[in-house]
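Q: Sequence unavailable; structure follows:
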């Protein structure tokens with residue numbers, strides 16, 4: 001390796017390290033080193049002069065230095081950087097011109113007009129015929145996306161790669177055609193296979209979606225099941241709410257009655273005017289408790305059915321009260337009969353929904369009466385306590401005289417009016 005090439009490698013390394021933007025994840029030092037390696041492969045297997053070989057290596061090292069200045073027309077900028085650097089290194093004019101021509105060969109399309117241009121073009125596109133092609137291709141796609149040049153989806157990029165490998169790229173040197181073209185064809189075959197798989201998967205998804213939509217539109221089963229599911233869930237929640245309301249009333253009234261029994265009843269002997277208000281208050285609480293218990297009291301049916309009931313579809317197997325006394329084998333037989341008939345299933349669910357509604361109606365009707373009695377009882381009790389207290393205050397006022405005789409004859413206790421008796 002000549003001293004000039006060593007200096008060029010050091011120059012390119014420093015230039016990319018200090019001035020190349022981090023968004024160049026493909027056109028960076030790694031890509032340059034791969035191109036240099038590919039150039040040397042061709043040089044070793046091609047009969048060219050030492051001067052041409054040196055020009056090719058220098059062009060491979062410097063061909064992407066223009067990316068440190070601009071993206072568009074970077075080849076021309078690379079020529080400027082390369083020419084300036086080589087002039088500083090005291091390179092002769094013919095060598096600088098060859099390097100410039102090799103760099104510009106990577107820009108123009110079509111068949112290069114020189115053997116060095118063909119070698120340079122093949123080396124620059126050598127990744128098409130390498131095993132690392134998928135990796136390099138993905139880095140290039142991401143670089144275009146980061147820089148805002150193009151934003152390809154994976155499918156679009158797959159199609160673009162296939163288009164490039166089949167229509168836009170070809171190798172020109174004998175070495176590339178013998179050694180890289182087979183790998184390029186394998187990479188292309190993988191791309192075509194991947195495209196076929198994606199196309200097949202997309203077609204299956206489209207068919208699946210089509211039939212799913214068609215089934216959904218033509219069959220009312222999903223809508224019917226949703227109706228029963230939502231209705232039964234709502235009924236269950238309403239039943240839980242009713243039980244909670246009844247439990248609240250039971251707890252409140254139990255606390256009230258315990259307070260009345262412990263504090264108020266024992267004082268009625270000396271406060272007879274509180275008997276009637278206390279009786280009203282206690283009665284309303286007791287009635288509220290009784291109604292709350294009635295509202296939440298379970299009602300279990302006989303729990304038995306016959307085969308005739310199943311055959312005539314008269315029994316509802318979705319409610320435990322209709323089968324809790326039956327044997328397991330009899331219940332299993334009945335369920336098998338049930339699930340074999342879709343109409344029987346829907347009829348059972350309809351009956352369950354209907355009777356749940358009847359139970360809810362009874363619960364909420366009793367609860368309404370309970371809350372009404374509790375509210376009215378509280379109001380009447382408060383009024384009765386108020387009247388009793390007011391009336392008792394008036395009676396005490398009538399009993400007490402306006403002027404106490406004690407107050408008229410009362411004299412302060414002093415030393416003058418105290419008689420001391422000596423016993």
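A: Sure thing, it's come through. Every value quoted in this text rests on a predicted model; they were computed, and no experiment measured them. Residues are numbered from 1 along each chain as shown.
Q: Please count neighbours and contacts with C-alpha atoms only from this point.
A: Fine.
Q: ok, residue 250 - contacts?
A: For residue 250, the contacting residues are 288, 289, 292, 293, by C-alpha atoms under 8 Å, 6 or more residues apart in numbering.
Q: mind listing what's buried in the helix or strand it falls within?
A: Following DSSP states H and E, one finds residue 250 within helix 221-259. The neighbour-count check on helix 221-259 (16 or more other C-alpha atoms under 10 Å) flags 228, 232, 235-236, 238-239, 242-243, 245-247, 249-250, 253-254, 257 as buried.
Q: same question, stretch 21-32
A: 24, 25, 26, 27, 28, 29, 31, 32.
Q: what does the helix or strand containing residue 120 contact?
A: Using DSSP H and E, residue 120 maps to helix 115-124. The contact list for helix 115-124, computed with C-alpha under 8 Å, 6+ apart, reads 35-36, 38-39, 42, 52, 56, 59-60, 101-103, 105-106, 111-112, 171-173, 176.
Q: now do stretch 147-154
A: With C-alpha under 8 Å, 6+ apart as the contact definition, stretch 147-154 has outside contacts at 23, 141, 144, 145.
Q: repeat that for 10 Å
A: Contact with stretch 147-154 is made by 23-24, 71, 138, 141-145, 157-160, as judged by C-alpha atoms under 10 Å, 6 or more residues apart in numbering.
Q: Quick one: end-to-end distance for that stretch.
A: End-to-end distance for stretch 147-154, by C-alpha to C-alpha, to the nearest Å: 17 Å.
Q: State the mean pLDDT of it.
A: On average, the pLDDT along stretch 147-154 is 92.
Q: And for stretch 79-93?
A: Averaging pLDDT along stretch 79-93 yields 93.
Q: is it true that residue 243 touches residue 359?
A: No - here residue 243 does not reach residue 359: they are 11.8 Å apart, not a contact under C-alpha atoms under 10 Å.
Q: what about stretch 360-367, distance to the chain center?
A: Centre-to-centre, stretch 360-367 and its host chain are 40 Å apart (C-alpha atoms, centre = their mean, to the nearest Å).
Q: what comes up buried for that stretch?
A: 360, 363, 364, 366, 367.
Q: swap in stretch 120-128?
A: Buried residues in stretch 120-128, counting neighbours by 16+ other C-alpha under 10 Å, are found at 120, 121, 122, 123, 124, 125, 126, 127, 128.
Q: before we move on, back to that, only whichever of the contacts of stretch 147-154 are buried, select them in ChimeraX.
A: To isolate the buried members of the contacts of stretch 147-154 in ChimeraX, using 16+ other C-alpha under 10 Å:
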select :24,138,141,142,143,144,158
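Q: before we move on, the earlier item: for ChimeraX, what selects the buried ones among the contacts of helix 115-124?
A: Applying 16+ other C-alpha under 10 Å to those leaves a buried subset, and the ChimeraX line that selects it is:
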select :35,36,38,39,42,52,56,59,60,101,102,103,105,106,112,171,172,173,176
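Q: Need phi/psi at residue 326.
A: Dihedral pair for residue 326: phi -80, psi 160, per degrees, to the nearest 10.
Q: Hmm, I typed the wrong one, I wanted residue 21.
A: The phi and psi torsions at residue 21 (degrees, to the nearest 10) take the values phi -70, psi 150.
Q: now residue 228: how far from residue 392?
A: From residue 228 over to residue 392 the distance is 63 Å, taken as C-alpha to C-alpha.
Q: whoops, I mixed them up, residue 39
A: 119 Å.
Q: got any ranges where the stretch 301-423 of the chain has weak pLDDT?
A: Applying pLDDT under 70 to the stretch 301-423 of the chain flags residues 301-303, 305, 309, 312-314, 317-322, 393-423.
Q: Out of the buried residues of stretch 360-367, flag the one nearest to residue 183.
A: Ranked by distance to residue 183 (C-alpha to C-alpha), the buried residues of stretch 360-367 are led by residue 360 at 76.3 Å.
Q: so who does the nearest residue to that closest one once chain neighbours are set aside touch?
A: Spatial nearest neighbour of residue 360, chain neighbours left out: residue 239 (6.2 Å); criterion: C-alpha to C-alpha, 6 or more residues apart in numbering. For residue 239, the contact set (C-alpha under 10 Å, 6+ apart) comprises 233, 245, 296, 356, 357, 359, 360, 361, 363, 364.
Q: so can I have CSV of those showing distance to residue 376 and secondary structure?
A: CSV is the format used below for the contacts of residue 239 (distance: C-alpha to C-alpha, whole Å; DSSP: H, G, I helix; E, B strand; the rest coil):
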residue, distance to residue 376, secondary structure
233, 34, helix
245, 18, helix
296, 22, helix
356, 30, helix
357, 28, helix
359, 26, helix
360, 24, helix
361, 22, helix
363, 20, helix
364, 18, helix
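Q: which one of these is nearest residue 16?
A: Nearest to residue 16, judged by C-alpha to C-alpha, of those is residue 233 at 67.5 Å.
Q: how about the closest one, what does it touch?
A: Applying C-alpha under 10 Å, 6+ apart, the residues near residue 233 are 227, 239, 353.
Q: distance of it from residue 23?
A: Residue 233 sits at a distance of 56 Å from residue 23 (criterion: C-alpha to C-alpha).
Q: Can you redo the contacts of residue 250 as CSV, where the extra columns are pLDDT and neighbour count?
A: Shown next, in CSV, are those (pLDDT from 0 to 100; neighbours: other C-alpha atoms under 10 Å):
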residue, pLDDT, neighbour count
288, 89, 28
289, 89, 22
292, 88, 25
293, 88, 18
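Q: chain center to stretch 380-389: distance?
A: The answer for stretch 380-389 is 60 Å, by C-alpha atoms, centre = their mean.
Q: So residue 16 sits against residue 68, correct?
A: Yes - the pair residue 16 / residue 68 is scored as a contact, 7.2 Å apart, by C-alpha under 10 Å.
Q: Mind listing the shared neighbours of these two?
A: Common neighbours of residue 16 and residue 68 (C-alpha under 10 Å, 6+ apart) are 24, 28.
Q: Show me where the stretch 201-350 of the chain has its helices.
A: With DSSP state H, counting those that start in this stretch, the ranges of helices along the stretch 201-350 of the chain come out as 221-259, 275-296, 307-311, 328-339, 342-399.
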